[in-house]
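A.B. asks: Next comes the sequence, and after it the predicted model I'd like to discuss.
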Amino acid sequence: MEPIRQAFTFRITNPILSGLLYSFFWMFLGALALSLLLWGSGLAEDDLSFYTFLVHAVSAFFGGCVSGKRAGNKGWYYGCLTGLIYGITLLVIGFLALDSSLALGDMTLIATVFGAGSIGGMFGVNLKK
């Protein structure tokens, strides 16, 4: 009797790409939660700037954690690259969709996701063991 084979599996082996995928997934969940918070409460859109930074930091942290775990070593390196690419992608999307220019808040966002991604990468390497 022959065992049942899996029909189709898909796994991204590149640590940075897999980290970016997880980062954007967590960003989607955070944006959904912030949308529900905005809809269900009396908050204005201007009051959500801290929460958006928090969502992006958590997303970069989890993305760095995944990339560090997939890499197995140099977690801070893969995590900070994941965070940096994540932040630059957000800025490019904001520039193209909203026609916004670079501001001090954008540099703060880049620094935040850079740091959160590198810390997540350090945690991710240690999760592998």
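C.D. replies: Yep, that arrived.
A.B. asks: what about the most centrally placed residue in the chain, which helix or strand?
C.D. replies: The centroid of the chain falls nearest to Ser23 when counting by C-alpha atoms, centre = their mean (2.6 Å). In the assignment (DSSP states H and E), Ser23 maps to helix 15-40.
A.B. asks: ok, how many other residues are close to Cys80?
C.D. replies: 24 (other C-beta atoms under 10 Å). From N, CA and C alone the C-beta is placed, and that goes for glycine too.
A.B. asks: Which helix or strand contains the closest residue to it other than its chain neighbours?
C.D. replies: Residue nearest to Cys80 in three dimensions, not counting chain neighbours: Ser118, with 3.8 Å by C-beta to C-beta, 6 or more residues apart in numbering. If you go by DSSP H and E, Ser118 is part of helix 104-128.
A.B. asks: repeat for Leu102
C.D. replies: Applying DSSP H and E, one finds Leu102 in no helix or strand.
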